[in-house]
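J.: Below are the sequence and a predicted model for it; my questions follow.
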Amino acid sequence: MYINWNQDLDFNDAGESVFSSPAPPPVGGAVVVNITVPANAIPGNCTMRIRRQYDGDWYSNYTACGNSDLGQVEDYTLNICAPVVATVEMTAVCGTSMDAEVTIINLGSGAPGSGTITYAVNGGTPVTVGAVVGLNSLSALGMVANSTDNVTISVGNGSICNLDLGTYYSNCPVTVDCNAPAETYNYCYKNNEGRTFHYVAAPGQTVTLNFIQGGLGASDVVNFFDGPNAASPSLGGGNFSGNLAPADFVSSGQDMFVKMRQRCHQQLFRWWPNC
Ligand SMILES: [Ca+2]
Ligand SMILES: [Ca+2]
């Protein structure tokens, strides 16, 4: 298998021979090949060639062009994406509203005027609106901005090359009822989804979090803060050797703030918040 990454009408450059099967090649069934697009690939259409050949033995003639006794050659067009570059900032007035500001830095391989933003509020039906390079305000998303309100955002450029920006939450406080039994809280830790939590107990009470379950990837970090935000004193944090259970954290006052940072994992966390 060959790909003309640099669009110069040949398959001869470094990295353009992307796969060779073992000899003899498998008969029947699928051949699965994972291809990493090199950083110097030119965005746009390029040609991928798949060649199967036999010249008395399976080992001869590993080339993109040339004669062979038996075999088949097929050419395909690959569309190499230049990625969209964009950031999101959320603003929430807890109990009132939650808005998102999407700044598109670059539409990648998209044409001018081709930008779109697709967002879904609280897992609902996605809505697509036009977008410009620069600041795009998604105001009045229709959320009350409580602790579980969220919006999932992606940016398109008129091609199949979308940028999934992930899911964003309001960060509004969760009120811990000190007179109720401890509840188990489940949170699915998703791909591209960082998350913060702000727990508030009644005045004079403290917040305790006890983890029952929570797997962390090698580069994942969870931090705990003794107050209402990440500027508060640390109560600890880190990777916990990949497993949060059975970590316990106790605030000194009525607020505790939790901040997760993750890289592409789907994990389930369960913890008890109580007073
Ligand atoms: Ca080439
Ligand atoms: Ca060349």
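T.: Yep, that arrived. Ligands and ions are numbered 1, 2, ... in the order given.
J.: Return the residues in contact with the residue of the stretch 151-275 of the chain found nearest ligand 1.
T.: Of all residues in the stretch 151-275 of the chain, residue 161 sits closest to ligand 1, at 21.6 Å by Cβ to the ion. For every residue, glycine as well, the C-beta is placed using N, CA and C. By Cβ atoms under 8 Å, 6 or more residues apart in numbering, the contact set of residue 161 is 81, 82, 83, 84, 108, 109, 110.
J.: Point out where the protein drops to low pLDDT.
T.: 25, 55-61, 263-264 (pLDDT under 70).
J.: any chance you could map the helices in it?
T.: Under the criterion DSSP state H, the chain contains no helices.
J.: Run through the residues of it sitting next to ligand 1.
T.: Contact residues (Cβ under 5 Å from the ion) of the chain with ligand 1: 4, 6, 8, 10, 13.
J.: switch to 8 Å and redo it
T.: Listed as neighbours of ligand 1 in the chain under the rule Cβ under 8 Å from the ion: 4, 5, 6, 7, 8, 9, 10, 11, 12, 13, 16.
J.: near ligand 2 too, which of those?
T.: Okay, of the residues of the chain next to ligand 1 touching ligand 2 (Cβ under 8 Å from the ion), that's 6, 8, 9, 10, 12, 13, 16.
J.: and the gap between the first one and residue 12?
T.: Yep, that's residue 6 we're talking about. 10 Å (Cβ to Cβ, to the nearest Å).
J.: And those two? Which one has more around it.
T.: residue 6 (17 against 14; other Cβ atoms under 10 Å).
J.: List buried residues within the contacts of residue 161.
T.: Buried positions within those, assessed by neighbour count (16 or more other Cβ atoms under 10 Å), are 81, 82, 84, 108, 109, 110.
J.: can you tell me which residues contact the fourth one?
T.: By Cβ under 8 Å, 6+ apart, the contact list for residue 108 reads 43, 81, 82, 83, 84, 85, 157, 161, 163.
J.: ok, now the last one?
T.: With contact set as Cβ under 8 Å, 6+ apart, residue 110 has these partners: 84, 156, 157, 158, 159, 161.
J.: let's go with 7 Å and repeat that
T.: Counting by Cβ atoms under 7 Å, 6 or more residues apart in numbering, residue 110 touches 157, 158, 159.
J.: and of the residues of the chain next to ligand 1, the nearest to residue 179?
T.: For these, the residue nearest residue 179 by Cβ to Cβ is residue 5; the value is 64.3 Å.
J.: Please report the distance of that closest one from residue 79.
T.: 13 Å.
J.: And the two? Which one has more around it.
T.: Neighbour totals were compared for residue 5 and residue 79, and residue 5 leads with 23 against 12 (other Cβ under 10 Å).
J.: Name the nearest residue to that one, ignoring sequence neighbours.
T.: Nearest non-adjacent residue to residue 5, counting by Cβ to Cβ, 6 or more residues apart in numbering: residue 41, 4.1 Å away.
J.: Can you give the domain ranges for the protein?
T.: 1-80, 85-169, 174-274 (automatic domain parsing).
J.: Show the end-to-end separation of the last one, please.
T.: Read it as domain 174-274. 11 Å (Cα to Cα, to the nearest Å).
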